[in-house]
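Student: okay, here's the prediction I keep looking at, along with the sequence it came from:
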Amino acid sequence: MKINVVGTSGSGKSTVARQLAQKLTVPYIEMDKLYWRPNWQNASDDEFLHLVKQALVSAPAGWVLDGNYTRTKAVKWRDVDWVVWVDYGFCRTLWQAVRRASVRAWYKTELWSDTGNCESFRCSFFSRESIILWTIKTYRKNRIKYLADQQDPANRHIRFIQLRSPAETAAFLASLC
């Protein structure tokens, strides 16, 4: 089983992706971990695509890929079976993003090992690079994009699973063997 879990920042996609990977006993691949370098530097597009391809090829029996990154769609959706879209309402998604950013900033949680990248209150709430601002700016765009992707004939081979609430998510996870 090859699954890509997508959703707006703060929606809970990483939590869902980890739970899916554990339940299906397949590797969990976090795209942010492949993308971000120390001091909040990002991988080049070529390097990032190479790392994504390498991660997917290294788990031929199946994987759960956590992340959006539209520029990787041709690679990650070529062989994907399911796209699981964590599509909770705007208020819930925003609340989750604010709560997560606050907790991470308070505890100075390193987001990806060996990068030193931690969220801060200043960056999370008072900068143009704010994850909260990113959530607000991308929520509607992501909904439009994923609704269109479901209708795109090029994606006929993909089963789209849209999870609209934590209760739907819990039921979906419970339904898997």
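Tutor: Okay, I see it. Numbers count the residues shown, from 1 in each chain.
Student: where is the longest helix in this structure?
Tutor: As assigned by DSSP state H, the longest helix anywhere in the chain is helix 131-151.
Student: can you give me the helices in this structure?
Tutor: 13-24, 31-35, 45-57, 73-76, 90-107, 121-125, 131-151, 166-175.
Student: for Val64, find the nearest of the ones you listed.
Tutor: Minimum separation from Val64 across those (CB to CB) falls at helix 13-24, 4.0 Å. C-beta: built from backbone N, CA, C; applies to glycine.
Student: helices or strands up against the longest helix of the chain?
Tutor: strand 82-86, helix 90-107, helix 121-125, strand 159-163 (3 or more CB pairs under 8 Å, 6 or more residues apart in numbering; DSSP states H and E).
Student: so which of the helices of the chain comes closest to Lys2?
Tutor: helix 45-57 (7.7 Å).
Student: just put the helices and strands packed on helix 131-151 in CSV and tack on distance to Glu30 and mean neighbour count.
Tutor: Shown next, in CSV, are the helices and strands packed on helix 131-151 (distance: least, CB to CB, whole Å; neighbours: other CB atoms under 10 Å):
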stretch, distance to Glu30, mean neighbour count
strand 82-86, 15, 22
helix 90-107, 15, 16
helix 121-125, 19, 15
strand 159-163, 19, 16
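Student: worst mean pLDDT among the ones you listed?
Tutor: Among the helices and strands packed on helix 131-151, helix 121-125 carries the lowest mean pLDDT, at a mean of 90.
Student: using PDB, write out every CA atom in it.
Tutor: What follows is helix 121-125 as a C-alpha-only set of coordinates in PDB (Å, rounded to 0.1, in the frame of the first residue of the first chain):
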ATOM      1  CA  PHE A 121       6.900  32.600  19.300                       C
ATOM      2  CA  ARG A 122       8.300  35.400  17.200                       C
ATOM      3  CA  CYS A 123       8.500  33.400  14.000                       C
ATOM      4  CA  SER A 124       5.300  31.500  14.600                       C
ATOM      5  CA  PHE A 125       3.100  34.500  15.400                       C
END
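Student: what does it contact?
Tutor: Outside helix 121-125, the residues within contact range by CB atoms under 8 Å, 6 or more residues apart in numbering are Ala101, Ser102, Arg104, Ala105, Glu129, Ser130, Ile131, Ile132.
Student: got the CA coordinates for stretch 96-115 in CSV?
Tutor: The C-alpha trace of stretch 96-115 is given here as CSV (Å, rounded to 0.1, in the frame of the first residue of the first chain):
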residue,chain,number,x,y,z
GLN,A,96,-4.6,23.1,15.9
ALA,A,97,-1.9,25.1,14.1
VAL,A,98,-1.9,27.8,16.8
ARG,A,99,-1.8,25.2,19.6
ARG,A,100,1.0,23.2,17.9
ALA,A,101,3.1,26.2,17.2
SER,A,102,2.7,27.4,20.8
VAL,A,103,3.7,24.1,22.3
ARG,A,104,6.6,23.7,20.0
ALA,A,105,7.8,27.3,20.7
TRP,A,106,7.4,26.9,24.5
TYR,A,107,9.3,23.6,24.6
LYS,A,108,11.8,24.6,21.9
THR,A,109,11.1,21.3,20.2
GLU,A,110,13.6,20.4,17.4
LEU,A,111,11.4,19.6,14.4
TRP,A,112,13.8,17.3,12.5
SER,A,113,16.8,15.7,14.2
ASP,A,114,20.2,17.3,13.5
THR,A,115,18.8,20.5,12.0
